[in-house]
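>>> what follows is a predicted protein model with its sequence.
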Amino acid sequence: MSKKDPTPLKKEKKAREPKDPNLRCKAYKFRLYPTKKQVGKLEWMLRRCKELYNAALQERRDAYKMCGVSVSYRIQADQLPAIKQLREEYQDIHSQVLQDVLKRLDKAFAAFFRRMMNGETPGYPRWKNGDRYHSITYPQGGFEILHGNRLHLSKIGHIKIKLHREMKGKVKTCTIKREGEQWYAVLTCEYLHDAAMTFHSSEQEVGVDLGVKVFAMLSTGEAIENPRHLRLEERKIASAHRTIHRRKKGSHRRHRAKKALSRLYRKVRNRRRDFQHKTSRRLVEQYQIMVFEDLQIKNLTATPKPKQDEETGAYLSNGAAAKAGLSKSILDAGWGGFVQLCASKAEEAGGTVVKVAPHFTTQVCSGCGIVVPKDLSVRWHSCLGCGAELDRDHNAALNILHRYQQSKQIGAGSVPQVPVSLCGEELIL
Ligand SMILES: [Zn+2]
């Protein structure tokens, strides 16, 4: 893991060039227990990295504003040795960690330009102020696990780590992350997935409708209740926010209130993740094929346009209030993350996650196929055509499953979901 000589790294990179399609990436998160002194050192590093990030952002912006030149990652990375000469404290940070800071900025710009090209209106990459910089990454080396309970970090030392589970494959990168007062190491591992070695004992297929009233409704009619952690904790969170605003900036009391808030958020996050892991595990074990809607979650969470009465000009209900609640529930339930969890667990267990087109799954009758229009408030599906009487979400789950079964017969329309690698930026930031 730790490599002092940079040359073999380049060779390794070249050898990996035609990426094996079976190569998978998995991230493991472990709690760190740094000493007070190490916390000081880590926070110092975060501040230096933030400073570098902001300076690099400034350089890119100024170069463009003044001379219309765009500065690339390469140009900025080549300046690092000079920066280290000028600011000696940067010699106390592993060089690849610094390169990674510049890479993150590069990614932020790439995402910004990509969204511009797509005709969206993205925000310009932001300055990282105050405590908005939470993690550093060792992208290749400079870290090592020793004796099963220590993480050695270059320029920092040995930090106590709790390896609560075994890792599969070869450790590639290490990200040190601050979450409130707690510290974590996120280790990403690469391994080869061998489809021939996985076998699912059941042949059952299930359609899953991710909902608002219940977290998920299965085509079997089983409802998985929504834990709604955030809703329950919402009041506490709102009151914690108010406490912060009441207290004087820079005061100890305000600082304490901030800590309390981040504890609350962490609790909600952990409980949600726990619920999703357990639920996805259970589904994956029971069903070989899980069918979901291919939802563009973003479209669902956007605010609806105002609606006016054509004659009187009065504003009518546009469903914004309902949607505010709905959007909240969607974010609360974290559907996208859940489908991803199912996909990656399914692959290891020899199962598959499939996505089908989402159109009209709630409106069509699962019994006879005619359209029964209903808005969000109608929770029951009753069909005049075939007399079907069932829960709205159950009807949708059946439609989702049927859609997959039909596309299987004609051989098109549905897309098996390959788990997205967790090595991307979403993990780090
Ligand atoms: Zn019907």
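Arrived safely, thanks for sending.

>>> in which helix or strand would I find residue 402?
Element membership for residue 402 (DSSP states H and E) is helix 392-410.

>>> indicate whether that helix makes contact with the ion.
No - residues of helix 392-410 contacting the ion under CB under 5 Å from the ion: none, with a closest distance of 9.2 Å. (C-beta placed from N, C-alpha, C; glycine too.)

>>> hmm, who's touching that helix?
Residues outside helix 392-410 that contact it (CB atoms under 8 Å, 6 or more residues apart in numbering) are 205-209, 211, 213-214, 217-219, 221, 223, 289, 291-293, 354, 356-357, 360-362, 364-366, 374, 378-381, 388, 413-414.

>>> looking at these, which are in helices?
Among those, DSSP state H puts none in helices.

>>> which members of the residues you listed occur in strands, if any?
Of the contacts of helix 392-410, the ones assigned to strands by DSSP state E are 205-209, 217-218, 223, 289, 291-293, 354, 356, 380-381.

>>> among the residues you listed, who's most crowded?
residue 207 (29 neighbours; other CB atoms under 10 Å).

>>> how near is the closest residue to residue 50 other than its chain neighbours to the ion?
Nearest residue to residue 50 in three dimensions, chain neighbours excluded: residue 133, at 3.8 Å (CB to CB, 6 or more residues apart in numbering). Residue 133 sits at a distance of 56 Å from the ion (criterion: CB to the ion, to the nearest Å).

>>> mind checking how far residue 133 is from residue 51?
9 Å (CB to CB, to the nearest Å).

>>> so which of those two has more stuff around it?
The neighbour count for residue 133 versus residue 51, taken as other CB under 10 Å, is higher for residue 133 (22 against 16).

>>> three-state assignment of that one?
coil (DSSP: H, G, I helix; E, B strand; the rest coil).

>>> list the contacts for it?
46-47, 49-50, 53.

>>> and the angle for the helix or strand where residue 267 lies with strand 289-293?
Per DSSP H and E, residue 267 falls inside helix 252-286. Relative orientation of helix 252-286 versus strand 289-293 (axes from the mean of the first three to the mean of the last three CA atoms, to 10 degrees): 130 degrees.

>>> report all helices and strands that helix 252-286 contacts.
Contacts defined by 3 or more CB pairs under 8 Å, 6 or more residues apart in numbering; DSSP states H and E place helix 252-286 against strand 205-210, helix 229-246, helix 335-349.

>>> per-residue pLDDT of the residue in the stretch 201-350 of the chain positioned nearest to the ion, please?
Nearest residue of the stretch 201-350 of the chain to the ion (CB to the ion) works out as residue 219 at 15.8 Å. At residue 219, the predicted lDDT confidence score is 94.

>>> so what sits opposite the nearest residue to it once chain neighbours are set aside in the bridge?
Using CB to CB, 6+ apart and skipping residues adjacent in sequence, the residue nearest residue 219 is residue 207, 3.7 Å away. Counting by DSSP bridges, residue 207 is bridged to residue 291.

>>> swap in residue 174?
Bridge pairing for residue 174 - DSSP bridges - gives residue 138, residue 187.

>>> wait, doesn't it sit right on residue 185?
Yes - using CB atoms under 8 Å, residue 174 is in contact with residue 185, at 6.0 Å.

>>> can you pull the residues that touch both of these two?
Contact criterion CB under 8 Å, 6+ apart; residues shared by residue 174 and residue 185: residue 151.

>>> okay, the angle between the helix holding residue 402 and strand 289-293?
110 degrees.

>>> tilt between helix 392-410 and strand 205-210?
140 degrees.

>>> burial check on the nearest residue to residue 43 once chain neighbours are set aside, number of neighbours?
Of all residues not flanking residue 43 in the chain, residue 178 sits nearest, at 7.7 Å (CB to CB, 6+ apart). Close neighbours of residue 178, defined as other CB under 10 Å, add up to 19.

>>> what sits against residue 178?
Neighbours of residue 178 in contact, by CB under 8 Å, 6+ apart: 42-43, 46, 134-135, 184.

>>> looking at it, residue 293 is touching residue 209, isn't it?
Yes - taking CB under 8 Å as the definition, residue 293 is a contact partner of residue 209 at 7.1 Å.

>>> overlap in contacts, those two.
Between them, residue 293 and residue 209 share the contacting residues 361, 400, judged by CB under 8 Å, 6+ apart.

>>> distance of the residue of the stretch 201-350 of the chain closest to the ion from residue 368?
Relative to residue 368, and taking CB to CB, residue 219 is found at 17 Å.

>>> what of residue 257?
Distance, residue 257 to residue 368, using CB to CB: 58 Å.

>>> the more surrounded of those two?
Using other CB under 10 Å, the more surrounded residue of residue 257 and residue 368 is residue 257, with 18 against 13.

>>> show me the shaky parts of the stretch 1-150 of the chain.
Filtered on pLDDT under 70, the stretch 1-150 of the chain yields the residue ranges 1-18, 130.

>>> actually the stretch 151-300 of the chain, not the one I typed
Filtered on pLDDT under 70, the stretch 151-300 of the chain yields the residue ranges 228-231, 296-300.

>>> which ones are touching residue 339?
With CB under 8 Å, 6+ apart, residue 339 has these contacts: 210, 292, 353, 355, 417.

>>> which of the residues you listed tops the neighbour count?
residue 353 (27 neighbours).

>>> separation between the residue nearest to residue 160 when sequence neighbours are not counted and the ion?
Closest residue in space to residue 160, ignoring its immediate chain neighbours: residue 33 at 4.1 Å, by CB to CB, 6+ apart. Using CB to the ion, we find residue 33 at a distance of 60 Å from the ion.

>>> residue contacts, residue 33?
So residue 33 contacts 159-162, 183 (CB under 8 Å, 6+ apart).

>>> so which of the contacts of residue 133 sit within helices?
Per DSSP H, the contacts of residue 133 map to helices at 46-47, 49-50, 53.

>>> quick one: which of these is nearest residue 170?
residue 49 (25.9 Å; CB to CB).

>>> quick one, domains of the chain?
Domain ranges of the chain: 7-193, 196-428, per automatic domain parsing.

>>> check the offset of the longest one from the chain's centre.
The chain centroid and the centroid of domain 196-428 are separated by 14 Å, computed with CA atoms, centre = their mean, to the nearest Å.

>>> nearest spatial neighbour of residue 173, chain-adjacent residues omitted?
In space, residue 173 is closest to residue 188, 4.8 Å off (CB to CB, 6+ apart).

>>> you'd agree that neighbour is up against residue 170?
No - in this structure, residue 188 is not within contact of residue 170 by CB under 8 Å, at 9.8 Å.

>>> more crowded one of those two?
When residue 188 and residue 170 are compared for neighbours, residue 188 comes out ahead with 24 against 11, by other CB under 10 Å.
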